[in-house]
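Novice: Curious how this folds, go ahead:
(one chain, ligands or ions: 2)
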Amino acid sequence: MTKKIAVVIVAAGSGNRFGDPIPKQYHLLGGKPLLRHCIDSFIRHMPIELIRVVYNPDHQDWYNTAVSGMSLPNPVVGGATRQQSVLNGLKSLESENPDYVLIHDAARPGISDDVITRVVAALANHHGAIPTLPVLDTIKQTDNNGVIDRTVSREQLHRAQTPQGFRYETILDAHRQFEGREFTDDAALLEQLHLDVVCVEGAVTNDKITRRDDIGRARDWLKNDPETKEDTNMIREEFRTGTGFDVHRFAPGDHCILCGVNVPHSARLDGHSDADVGLHTLTDALLGAIGAGDIGQHFPPSDMKWKGAASDQFVHHAVNLIRERGGRIVNVDITLICERPKIGPHTSAMRAKVAEILGIDVERVNVKATTTERLGFTGRAEGIAAQAAVSVALPMT
Ligand SMILES: Nc1ccn([C@@H]2O[C@H](COP(=O)(O)OP(=O)(O)OP(=O)(O)O)[C@@H](O)[C@H]2O)c(=O)n1
Ligand SMILES: C[C@](O)(CO)[C@H](O)COP(=O)(O)O
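Specialist: Ligands and ions are numbered 1, 2, ... in the order given. So this is what the prediction gives:
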């Protein structure tokens with residue numbers, strides 16, 4: 001009899017070890033997000049209504065981009081731990097009551113048809129089946145100081161991958177029973193219950209993306225993957241450039257706000273909001289990249305509500321417009337043009353602040369300064385000018 005098979009793809013993690021503001025499951029590999037690679041693989045083995053993605057609603061924009069054009073069931077909200085996310089995903093399938101369920105990490109985009117087939121086939125004779133790889137290195141056990149106690153035999157050791165397949169009711173009961181206790185994979189719960197879980201052959205391409213370097217390895221296998229070239233689900237990106245220019249005059253005061261940083265000076269900047277000329281020009285550049293006008297259209301200077309306002313909110317607004325379009329900021333470069341105050345001592349703090357506001361890595365942000373050799377209004381110390389250039393990647397429609 002044909003078995004009803006469902007899949008839970010857990011994608012609610014924040015990827016702390018990967019260390020990027022964009023969670024790793026939404027990073028592009030060969031033109032499409034890791035999560036989409038996983039979905040595209042499972043769709044060949046089961047009806048779309050039996051695919052459940054467990055996600056974090058804070059990632060909504062990235063999620064929408066990843067599943068664009070697909071009519072998947074609504075995503076399930078994840079929990080604080082992988083285990084909690086799995087339980088939420090399993091519960092969401094109760095009305096479907098499948099025979100088998102496969103539980104897969106969205107961080108494993110290199111899942112192959114063969115691995116899925118092997119896991120499912122093994123479920124005919126076992127409560128669970130998981131793909132594994134042999135351990136090839138010699139394994140040492142140490143004390144707390146790193147001094148070797150002994151060499152562990154690797155003969156019976158295996159590296160566990162996903163998808164881990166189970167009889168649905170068995171794994172749901174196990175997750176309910178052990179809710180709150182910590183396990184690093186799903187098979188471990190059945191081990192506690194002395195139910196048999198068999199290891200089947202996994203795949204090197206199915207290794208988990210955990211740290212930043214892992215993406216490079218995944219790109220290498222993808223280059224050799226014949227399916228990729230014909231893949232019609234690739235989310236292709238196009239790159240947009242935006243520029244900004246802004247000027248504010250000096251007025252009596254004792255500091256300027258520049259790129260979100262308080263810089264002591266013998267004058268302040270006058271104008272719209274807190275007059276942060278750096279963030280204003282950045283906002284203009286971001287809006288320019290997506291064809292969304294300029295800062296004055298979104299936040300009219302005539303509107304008194306912006307008087308004295310912190311300018312990071314203008315940048316946040318532009319960033320949200322980019323995210324709504326499924327885009328991401330590739331890099332930004334801001335130049336402050338003035339004779340005084342001296343900007344050099346503050347550029348590190350400005351870079352960090354701008355990166356924080358944009359939610360991107362500091363390495364993608366540059367802030368620099370120049371003078372105009374005492375020429376013109378900046379040379380006469382009447383005010384500060386700033387210009388910015390940004391690059392934004394947008395999914396091609
Ligand atoms: N609360 C959580 C934690 C993890 N996961 C998912 O579980 C899989 C494997 O977890 P891991 O590699 O540890 O991902 P993260 O938790 O995102 O990474 P990190 O531990 O580095 O923060 C990932 O697909 C991740 O999205 C999840 O759905 N819910
Ligand atoms: C489930 C898993 O991917 C199997 O290898 C792994 O245990 C997840 O562990 P992590 O600590 O969440 O990376």
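Novice: Give me every residue in the chain that's in contact range of ligand 1.
Specialist: Within the chain, the positions lying close to ligand 1 (C-beta under 6 Å from any ligand atom) are 10-18, 25, 54, 78-82, 85, 105-107, 208, 210. Heads up, the C-betas are built off the backbone N, CA and C, glycines and all.
Novice: ok, and the nearest residue to Val200 once chain neighbours are set aside, which helix or strand is that part of?
Specialist: Excluding its sequence neighbours, the residue lying closest to Val200 (C-beta to C-beta, 6 or more residues apart in numbering) is Arg118, at 4.2 Å. Taking DSSP states H and E as the criterion, Arg118 maps to helix 113-122.
Novice: What residues sit buried inside stretch 340-351?
Specialist: Within stretch 340-351, the residues scored as buried using 16 or more other C-beta atoms under 10 Å are 341, 343, 346-347, 349-351.
Novice: now, which of those sits nearest ligand 2?
Specialist: Using C-beta to the nearest ligand atom, Arg351 is the member of those that sits closest to ligand 2, with 31.1 Å.
Novice: shouldn't that closest one be in contact with Asn366?
Specialist: Yes. If you go by C-beta atoms under 8 Å, Arg351 and Asn366 touch, sitting 6.9 Å apart.
Novice: how near is Ile291 to Ala106?
Specialist: One correction, residue 291 is Gly, not Ile. For Gly291, the distance to Ala106 (C-beta to C-beta, to the nearest Å) stands at 32 Å.
Novice: so who does the closest residue to Ala352 other than its chain neighbours touch?
Specialist: Leaving aside its chain neighbours, Ala352 sits nearest to Val362 (5.7 Å; criterion: C-beta to C-beta, 6+ apart). Applying C-beta atoms under 8 Å, 6 or more residues apart in numbering to Val362 gives the contacts 351-352, 355.
Novice: same deal with Thr132?
Specialist: 158-161, 199-202.
Novice: Narrow the residues you listed to those in strands?
Specialist: Members of the contacts of Thr132 lying in strands (criterion: DSSP state E): 158-160, 199-201.
Novice: picking up where we left off before, out of Gly291 and Ala106, which sits in the more crowded spot?
Specialist: Ala106 (28 against 9; other C-beta atoms under 10 Å).
Novice: right, and that one touches Arg36 too?
Specialist: No. Using C-beta under 8 Å, Ala106 is not in contact with Arg36, being 9.3 Å away.
Novice: quick revisit: so how far is Leu35 from the residue nearest to Ala352?
Specialist: On the measure of C-beta to C-beta, Val362 and Leu35 end up 26 Å apart.
Novice: follow-up on the earlier one: looking at the buried residues of stretch 340-351, which is nearest Val152?
Specialist: For those, the minimum distance to Val152 (C-beta to C-beta) is 46.1 Å, reached by Arg351.
Novice: so what's the closest one up against?
Specialist: Neighbouring residues of Arg351 by C-beta under 8 Å, 6+ apart: 362, 365-367.
Novice: Heading C-terminal from the helix or strand that contains it, find the next helix or strand.
Specialist: Using DSSP H and E, Arg351 falls within helix 347-358. Following helix 347-358 in sequence order, the next helix or strand is strand 365-370 (DSSP H and E).
Novice: Which other helices and strands does that next one contact?
Specialist: Contact partners of strand 365-370 among helices and strands, from 3 or more C-beta pairs under 8 Å, 6 or more residues apart in numbering; DSSP states H and E: strand 328-337, helix 347-358.
Novice: export the ones you listed to TSV and tack on distance to Ser311 and mean pLDDT?
Specialist: Shown next, in TSV, are those (distance: least, C-beta to C-beta, whole Å; pLDDT from 0 to 100):
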stretch	distance to Ser311	mean pLDDT
strand 328-337	13	95
helix 347-358	9	96
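Novice: Comparing the ones you listed, which comes out most buried?
Specialist: Of all those, strand 328-337 carries the top mean neighbour count, a mean of 21, counting by mean count of other C-beta atoms under 10 Å.
Novice: Could you name the helices and strands sitting against the helix holding Arg118?
Specialist: Helix 113-122 packs on helix 34-42, strand 100-105, strand 128-134, strand 164-167, strand 197-201, going by 3+ C-beta pairs under 8 Å, 6+ apart.
Novice: hey, C-alpha coordinates of that helix in PDB?
Specialist: Backbone C-alpha positions of helix 113-122 (Å, rounded to 0.1, in the frame of the first residue of the first chain) are rendered in PDB as follows:
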ATOM      1  CA  ASP A 113      16.600  12.300  -4.200                       C
ATOM      2  CA  ASP A 114      18.600   9.100  -3.400                       C
ATOM      3  CA  VAL A 115      18.900  10.000   0.300                       C
ATOM      4  CA  ILE A 116      15.200  10.700   0.600                       C
ATOM      5  CA  THR A 117      14.400   7.400  -1.200                       C
ATOM      6  CA  ARG A 118      16.700   5.400   1.100                       C
ATOM      7  CA  VAL A 119      15.200   6.900   4.300                       C
ATOM      8  CA  VAL A 120      11.700   6.300   3.100                       C
ATOM      9  CA  ALA A 121      12.400   2.700   2.000                       C
ATOM     10  CA  ALA A 122      14.000   1.800   5.400                       C
END
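Novice: That one and ligand 2 in contact?
Specialist: No. Using C-beta under 6 Å from any ligand atom, helix 113-122 stays clear of ligand 2, with a minimum separation of 13.0 Å.
Novice: Any idea what the nearest residue to Val204 once chain neighbours are set aside is bridged to?
Specialist: Sequence neighbours aside, Leu133 is the residue nearest to Val204 in space, at 6.9 Å (criterion: C-beta to C-beta, 6+ apart). Beta-bridge pairing for Leu133 (DSSP bridges): Arg159.
Novice: Distance check, Leu133 against Ile139.
Specialist: 14 Å.
Novice: Which pLDDT value goes with the nearest residue to Gln192 once chain neighbours are set aside?
Specialist: Using C-beta to C-beta, 6+ apart and skipping residues adjacent in sequence, the residue nearest Gln192 is Phe178, 6.9 Å away. Looking at Phe178, its pLDDT reads 97.
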